[in-house]
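Peer 1: Here's a sequence, model it:
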Amino acid sequence: MVTAPPADRRLAAAVAGVGSSSSPRAEPQARSSQGRNHPSFTSSLAKTLTRQLSGSQKKDKERSASGNSNNSNNDSGNNSKNNNGNSGSDSGSLGYKAKGSSERQVSTTKADTSAEQQQNQTSLTTSVCICCLTSLRYPTTIRCFRCTVCQTTNDLDPLTWKSTELLTANTLEYYLSKESLSDEEQNNLEELVVSAFQSFETLNSSFKNDKEYSFKETGLDFSLISKFYNLIGSCTKKTIVQSILKASESLLRRPGKILSSPNDLRALLIILENPSLYAPRSSTTSDHHHTPSAILKRLLGLLSGLNITCHHYLVNWFARLPTESFKAKVELINSFTTHRLAKYVSAKGGAKIELYGHDWRIRAAARSLSLFFAANIQVSKIPTSSFYNTMVDYIDITHDFDVWEKQGIPTTAAPINRSGSISGGHGNSVSGIVPTTVVPKAGLRSESNSMMSQAISMDPNLTQASASAPLGSVFTFCQYPFYMSMGSKITILEYDARRQMEIKAREAFFSTLNYKRVVQPHLVLKVRRDCLIEDSLRQISSNEMDLKKGLKIEFIGEDGVDAGGLRKEWFLLLVREMFDPLNGMFIYEEDSNYCWFNSSTFETSDQYFLVGVVLGLAIYNSTILDIQLPPAVFKKLLGCQCTMEDLALLKPTLAKGLQQLLDFKGNVEETFCRDFVAEHEIYGTAVQVPLVPGGEKKPVTNANRHEFVNKYIQFIFENSIARQFQPFKRGFYHVIGGNALTLFRPEEIELLVHGSDEGLDVGALRAVAIYDGWLSNNNNNSNHGSGRHGKVEANELVVTWFWEFFENMEPKDQRRLLTFVTGSDRIPATGIANLIFKISRLGDDYMRQERS
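Peer 2: Got it, this is the predicted structure:
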């Protein structure tokens, strides 16, 4: 597999009117001020070039002559050369070499005198390609240039298109009304459609409804678009479909303008609805011209290269798509990513970042899919797992994580500008950073609301486009963690934990040598059963620097070596005692059965710090806890905003009352008689707390009821528990505040802490069970199993009896048995296939009892 060349070897062709003669769409009108497309200009250009190079080498003359004679073929020729993301020089151009190793070289077909050429070389500007986002340098006198990485022609001045007939309900009515079309009618339809798809302005103005575009409205009639594509698919002349694909690919190759306004996005959405893009793709399909894959890569490139304003509109538009359409588009982009990533997966191992890290197509797909992920957070249409890509599990994910850590990630969303950089900072450290792909907001945005403060995580390599460091231009999947399954994320988490543990163990070893004192390579807690919380808190407080070591537990007065069982028992007993309502730290909501922070507790902050440490240690040591914390806790841990939906899960009765207040059509002040105060109980006594200064005298009215509800939600999730939650969060991040945590969504952290409550499949559990010390079917040798996923056939009747008994148990009894064996009745976040369930026989004596 050929990899992309270094940044300082990439070229971009700066052209003036290149592609107009070879383009299948309507030829743009010549610019009055430049006249670069006029034949006389081409002739004059050749003469000037000949005079200019009269004293030059023969090789330069041949290259220039070849460039003028083959100008119309440069686009397709270079595209074939650069199919894998590599770049090459334009065959007929004068080179402008960028200063600095990370800048791209540019070439131009505009001939000047020697003095003018020298002046142009010292007067260069920088911009990024609208498709692949490659940073390019070109002379300031050039008004359009072609990127040799993706072969997209970038027009800095909009082209003027010939007027063609729009595709509207009126123009298509005749064809839509007929059951079948004759050959002549199909030819007329093809001519009409192709002419529309050859002009960006015509296509962008087609299929419009009677509404203006806004955050809520695209301005497109998707019903008409669907009928149109169905009409095309029903035609017996199959060349119409290919003609549309050909025109679409040509249009995307040269849109004719910089797409900077939401009003320019309709053409892209129309092409995205083409059913040909969703047809099953053969594994051998390559990126030739006019194939769905070739069109999709350019479509995703243009979508990903839009500015932040356009991205805001797209997120809101995607959030309002029908669920089936939304899901189909997510699957389309995911399948394209799989298609590209499969090219780098070899039989020797997973794909290396040195290969896929420079593929602009994968980066464009990831940035485009992040728009759908942001929309899915606004309005949950599909599960988060629908964004997982199985092929990502086959890459070297830990190396991807290492590269991501080294190059840093952006902490805020920032728009792309045409100067080759993005606004906003670029952090050098990622410790404790909340995932920046999206920040969830309550409800959909409208024109009257402010746009999302953080919606899309911009590509960090854009901020380092001009840097010399090679890592500045490397794509990593850790920048877009929605691609990664729970298995991949847990692999990274375990890798990060193991790395931290090894560092602490190494420090302990060298401390032993240097200071001649014994230092434990593990964190050993010696506790008494009757003073579990006090002993645990005291020893954790005195060993705060050792919390990232491997954890081992010793119960005072009891013999035993902790091989994992004592640790699980310690977690089980400690959590049970800390979350006991009689302890006063947490209270249980009767409506939801969730436990929540007791805002009126007398416990110190150290106790809540311990609870946070225990949650962090549980994740760090891959232990499932039996706790009933609501999803809002995990959203707050990752810095996400809690909404009415979270209140409905925690306090459904209160949320229902507040929603009724919002939906009430009459006079709120006279009917509800509420002031700006919140009510909660303190040891059985109702207490009112003002939500704003003087809130007890401020009535709730129709005008301010939304403010009242927002303040009430803020009081429940923020103000009332600030004293308890802050030490809890500090304890949690003290243990597991590494970079790996930022890859998780709140619902994924929740799965890590208390596992999945999916139904127990005894058959699947039997398939992954491990048998240790049992005789095999055909010999007398002891068989110790073949690993976690291996199934060792045991020729023992007692094993058959065990599984038959297990399958016939009631579901609640099955959970109790699972708790006895594994320490928890929950399934691991990665599924039952990753549950360790071992059945062992002690010794060679059959009369000995079995243990599991």
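
Peer 1: check contacts around the closest residue in space to Leu835 that isn't next to it in sequence.
Peer 2: Closest residue in space to Leu835, ignoring its immediate chain neighbours: Pro828 at 5.6 Å, by Cβ to Cβ, 6 or more residues apart in numbering. Glycine gets a C-beta too; all of them are placed from N, C-alpha and C. The contact partners of Pro828, by Cβ atoms under 8 Å, 6 or more residues apart in numbering, come to 624, 755-756, 834-835.

Peer 1: Lowest-confidence one in the residues you listed?
Peer 2: Lowest pLDDT of those: Asn834, 69.

Peer 1: rewinding a little: please report which of the contacts of Pro828 has the highest neighbour count.
Peer 2: Each of the contacts of Pro828 was scored for neighbours by other Cβ atoms under 10 Å, and Ile624 scores highest at 25 neighbours.

Peer 1: check contacts around that residue.
Peer 2: Ile624 neighbours (Cβ under 8 Å, 6+ apart): 618, 753-755, 823-824, 826, 828.

Peer 1: try 6 Å
Peer 2: Contacts for Ile624 (Cβ atoms under 6 Å, 6 or more residues apart in numbering) come out as 755, 824, 826.

Peer 1: could you redo these as a markdown table and give each row distance to Phe318 and secondary structure?
Peer 2: Below are the contacts of Ile624 laid out as a markdown table (distance: Cβ to Cβ, whole Å; DSSP: H, G, I helix; E, B strand; the rest coil):
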| residue | distance to Phe318 | secondary structure |
| --- | --- | --- |
| Gly755 | 32 | coil |
| Ser824 | 38 | coil |
| Arg826 | 34 | coil |
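
Peer 1: Can you lay out the residues you listed as TSV showing distance to Val149?
Peer 2: Putting the contacts of Ile624 into TSV (distance: Cβ to Cβ, whole Å) gives the following:
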residue	distance to Val149
Gly755	46
Ser824	51
Arg826	48
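
Peer 1: Among these, pick out the one closest to Tyr733, please.
Peer 2: Of all the contacts of Ile624, Gly755 has the smallest distance to Tyr733: 21.8 Å, by Cβ to Cβ.

Peer 1: What pLDDT is listed against the closest residue in space to that closest one that isn't next to it in sequence?
Peer 2: By the measure of Cβ to Cβ, 6+ apart, the closest residue to Gly755 outside its immediate chain neighbours is Arg826, 2.8 Å from it. pLDDT for Arg826: 76.

Peer 1: And Ser293, by the same measure?
Peer 2: Ser293 carries a pLDDT value of 88.

Peer 1: packing partners for the helix or strand where it lies?
Peer 2: Applying DSSP states H and E as the criterion places Ser293 in helix 292-304. Judged by 3 or more Cβ pairs under 6 Å, 6 or more residues apart in numbering; DSSP states H and E, helix 292-304 is in contact with helix 239-253, helix 360-378.

Peer 1: closest one to Gly666 among those?
Peer 2: Of all these, the one in closest proximity to Gly666, counting by Cβ to Cβ, is helix 360-378 (30.4 Å).

Peer 1: got a list of contacts for the helix or strand just after that closest one?
Peer 2: Next helix or strand after helix 360-378 toward the C-terminus (DSSP H and E): helix 397-407. The contact list for helix 397-407 (Cβ under 6 Å, 6+ apart) reads 353, 471, 474, 476-478, 488, 491-492, 495, 739.

Peer 1: Would you write out the ChimeraX command that picks the buried residues out of those?
Peer 2: Of those, the buried ones go into a single ChimeraX selection, burial set by 16 or more other Cβ atoms under 10 Å:
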select :353,471,474,476,477,478,488,491,492,739
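
Peer 1: among the contacts of helix 397-407, which are in helices?
Peer 2: In helices, defined here by DSSP state H, the members of the contacts of helix 397-407 are 353, 488, 491-492, 495.

Peer 1: Save those as a markdown table, and put in pLDDT too.
Peer 2: Formatted as a markdown table, the ones in helices among the contacts of helix 397-407 follow (pLDDT from 0 to 100):
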| residue | pLDDT |
| --- | --- |
| Ile353 | 87 |
| Ser488 | 90 |
| Thr491 | 88 |
| Ile492 | 90 |
| Tyr495 | 86 |
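
Peer 1: any idea which of these is the one closest to Asp813?
Peer 2: Lowest distance from Asp813 to the ones in helices among the contacts of helix 397-407 (Cβ to Cβ) belongs to Thr491, with 33.8 Å.

Peer 1: mind listing what that closest one touches?
Peer 2: Ile397.
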